[in-house]
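K.L.:
Predicted model follows, preceded by the sequence.
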Amino acid sequence: MSVKGKERADLDHYDPEDLLPAITYRQLHSQTLGVRDPLRVIALCDSDAFYAACEMVRLGITDKPLVVLQWESLIAVNYPARKFGISRMDKLKDAKARCPELVVVHVATYKEGEKEPGYWDNVDTRTHKVSLDFYRRESAKIHGIFREMLPDAEVEKASIDEAFIDFTQPVRKLLLHRYPELAQPPPDELDNVLPPPPPIKWDGLGNIVPHDDTDDSESSPPNTWHDVAISIAAELMHKVREEVRIKLGYTLSAGIARNKFLAKLSASYRKPNSQNNLLNIAIPHYLEPMQFQKIRFLGGKLGDALAKEYDVSTVGDLLSVSLNDMQSKFGEGAIWIYEILRGIDRSEVKAKSSVNKSMLASKNLAQAITKAEEGYHWIRVLAAELALRLKDARETNPNLWPKTLVLHARHGYEASRSRQAPFPFRRDFDVSYIAGAGNKLWKELVGTATTMKVTSVQLAFTGVGAAESGQRSIEGFFKNGSSSSRNDDHVDEGLTGQVENAPATSSFTCPRCQKELRATALEDAEVNAALEAIKVEHGDWHFAQDLAKEDLSSTERPRLSLREPVKGSQALSPPKRKKKRKREDEEPKESIARFFVRR
């Protein structure tokens, strides 16, 4: 295969074999090329049978067949169990018949009255809720090792068991360090092509995806400096995988290629506990025999339409279709299909914030809620999950706190109804604190309804972030009436918390309107709880006022107040929606977009 090295500005004339670009000194030293960087190297790291591996580590099991169960379904099967022909599609009874020694672990679940999920006997979907918190924690440990060992790389969490790693910058640094003759080229040679690369020793760096049918996977010499870049990334990836195995006991599989699409595909080339290197020269041979409908987003209606239009089934079959022809039938967006079939992917690897802006606990109910009092059981179960997740998050960021608590309830297949309220900051909190606020929202949501059929309940924190400097906890609003000037309620990082052993009081002053609110005719032991409720109510009033101001300043009609009373069984009925009239002059959408439907 010849090195063409031309700039492919017109995709109509793109040659799928043009995979060996001639790299210049200028490109080597550029820091701004992004996805156009000819030395770009991306890896997809996948934890092998992750849920099953987590349970194996927890139980100290090394090579026994094991499956993870969620109610009646197998959600993870370890590799020893797969040797018996067991898959996630099997019923538990059939899996045990294939392997009588099979270890079966049901995922941890929450149940009412417990602060943390556990591995209980006789779990029941009617009373318990599945917990994935253990797997989230283990996933966070793996990602922590990624960040620690690869500080210059961009790491994007793709799922609980997958991560994309952009090795481009750390690879470039090592490349210039190992080959100093490339580090300082004469100014007048910046646009010159780099000299031929040295031989590469692939021993211990993983599998090399074959570039033709005669290739024995490791005998082919390197063709470009990009191959050298992949080999350096393979060294780094191998060290990271070993660190995870030694420290945590998990094996990882990885795919290394020039972009995210190819990295993900190559990660599954050989599993488990392996890494696969897809060189540019091997892309056509690897992609062409592939069933194109197995590629993400090329299945479903779009894949069926492509197969029917061109009477094809593989990637290679579609390569003969020109871009003009594809766009004429599937719209301008078909350029994405044209490129992906040739191994071109322009998506970036973007690190996501370690702080989730929202936390959601939900339960699809096998037995619908038909009475209002039945909802309190699930509110407490969901509150336990939110409490644990918030506490985990605050271990690394003690000031983390949600702005709002939101409750959703779905009535059968109808639209869900919701209520929300501000969630006052509190240094110390527990399940009861969250459940109390959730119960209040539930009361508002159901109102005086006597009949209902709630099939799904969700409790969520939104607006999660670091509390602002100077923000007070709810206890900080309780003044003890003393004239002492001592700052007893000072807490690090600009936050104030509860004063230990402070005498009970019956009032606090709102920091927004300076209004003093009081609780009267209560025993001392009940004052704090009463004031807390008053503070929440008053905060809701301010929140509703803010919303009203926003509404009146817009062209929309004013929305309902948060505190509007809910009457009778209408409380859980879905809101009526106006039917949209189709404009007579509206043209039908003839583009790739019509193949993507919201599920």
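P.N.:
The structure has been received and is ready for your questions.
K.L.:
from here on, contacts and neighbour counts on C-alpha atoms
P.N.:
Will do.
K.L.:
Secondary structure element for the nearest residue to Gln458 once chain neighbours are set aside, which one?
P.N.:
In space, Gln458 comes closest to Ser362 once its chain neighbours are excluded; the distance is 4.1 Å by CA to CA, 6 or more residues apart in numbering. Using DSSP states H and E, Ser362 maps to strand 358-369.
K.L.:
send the alpha carbons of that strand over as PDB?
P.N.:
Extracted C-alpha coordinates of strand 358-369, given in PDB (Å, rounded to 0.1, in the frame of the first residue of the first chain):
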ATOM      1  CA  SER A 358     -28.100  15.100  39.600                       C
ATOM      2  CA  MET A 359     -28.600  11.900  41.500                       C
ATOM      3  CA  LEU A 360     -31.600   9.700  40.800                       C
ATOM      4  CA  ALA A 361     -33.100   6.700  42.600                       C
ATOM      5  CA  SER A 362     -36.000   5.100  40.900                       C
ATOM      6  CA  LYS A 363     -38.200   2.000  41.200                       C
ATOM      7  CA  ASN A 364     -40.500   0.500  38.600                       C
ATOM      8  CA  LEU A 365     -43.100  -1.200  40.700                       C
ATOM      9  CA  ALA A 366     -44.100  -4.800  40.100                       C
ATOM     10  CA  GLN A 367     -47.100  -4.100  42.400                       C
ATOM     11  CA  ALA A 368     -48.600  -0.700  41.800                       C
ATOM     12  CA  ILE A 369     -49.300   1.700  44.600                       C
END
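K.L.:
Okay, buried residues for that strand please.
P.N.:
For strand 358-369, burial by neighbour count (16 or more other CA atoms under 10 Å) applies to Met359, Leu360, Ala361, Ser362, Lys363, Asn364, Leu365, Ala368, Ile369.
K.L.:
Contacts only, for the first one.
P.N.:
Listed by CA atoms under 8 Å, 6 or more residues apart in numbering, the contact set of Met359 reads Leu386, Arg389, Ala460, Phe461, Thr462, Val464.
K.L.:
Pull the distance from the host helix or strand of the fourth one to the chain's centre.
P.N.:
The secondary structure element spanning Phe461 is strand 454-462 (assigned by DSSP H and E). Remark: strand 454-462 is offset 19 Å from the chain centroid, using CA atoms, centre = their mean, to the nearest Å.
K.L.:
The helix or strand that it is followed by pairs with which strands, and in what direction?
P.N.:
Toward the C-terminus, strand 454-462 is succeeded by strand 465-466 as the next helix or strand (DSSP H and E). In the sheet, strand 465-466 lines up against strand 400-401 (antiparallel) (DSSP bridges).
K.L.:
re earlier: got the contact list for the residue nearest to Gln458?
P.N.:
Leu382, Ser456, Val457, Gln458, Leu459.
K.L.:
So the third one is in contact with His411, correct?
P.N.:
When you say that, I think you mean Val457. No. The pair Val457 / His411 is not scored as a contact, 9.4 Å apart, by CA atoms under 8 Å.
K.L.:
For these two, indicate the residue with more neighbours.
P.N.:
When Val457 is set against His411 and neighbours are counted by other CA atoms under 10 Å, the residue ahead is Val457, at 24 against 19.
K.L.:
any idea whether Ala435 is helix, strand or coil?
P.N.:
Secondary structure assignment for Ala435 (DSSP: H, G, I helix; E, B strand; the rest coil): helix.
K.L.:
Could you list the buried residues of the next helix or strand after the strand holding Ser362?
P.N.:
On the C-terminal side of strand 358-369, the closest following helix or strand by DSSP H and E is helix 375-394. Neighbour-count burial for helix 375-394 flags 375-376, 378-391, 393 (criterion: 16+ other CA under 10 Å).
K.L.:
about what we covered before: could you save the contacts of Met359 as CSV and add columns showing pLDDT and distance to Arg126?
P.N.:
Output for the contacts of Met359, formatted as CSV (pLDDT from 0 to 100; distance: CA to CA, whole Å):
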residue, pLDDT, distance to Arg126
Leu386, 94, 20
Arg389, 91, 23
Ala460, 94, 21
Phe461, 95, 24
Thr462, 92, 27
Val464, 91, 30
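K.L.:
Identify the farthest-apart pair in the residues you listed.
P.N.:
Of all pairs drawn from those, the widest gap by CA to CA lies between Arg389 and Thr462 and measures 13.1 Å.
K.L.:
Flag the shaky bits of the stretch 101-250 of the chain, pLDDT-wise.
P.N.:
Applying pLDDT under 70 to the stretch 101-250 of the chain picks out residues 215-222.
K.L.:
Okay, strands next: where are they in it?
P.N.:
103-106, 109-111, 128-130, 154-159, 162-166, 207-208 (DSSP state E, counting those that start in this stretch).
K.L.:
How far does the last one sit from its chain's centre?
P.N.:
Yep, that's strand 207-208 we're talking about. Counting by CA atoms, centre = their mean, strand 207-208 comes out at 29 Å from the chain centroid.
K.L.:
go on, the third one?
P.N.:
Per CA atoms, centre = their mean, the displacement of strand 128-130 from the mean C-alpha position of its chain is 21 Å.
K.L.:
Compute the number of surrounding residues for Thr168.
P.N.:
For Thr168, the count of nearby residues is 23 (other CA under 10 Å).
K.L.:
Thought Ala43 was touching it, still the case?
P.N.:
No. Contact criterion CA under 8 Å: Thr168 and Ala43 do not qualify, at 10.1 Å.
K.L.:
The residue nearest the centre of the chain and Ser139: what is the separation?
P.N.:
Compute the mean C-alpha point of the chain, and by CA atoms, centre = their mean the closest residue is Ser159, 5.1 Å away. Distance, Ser159 to Ser139, by CA to CA, to the nearest Å: 9 Å.
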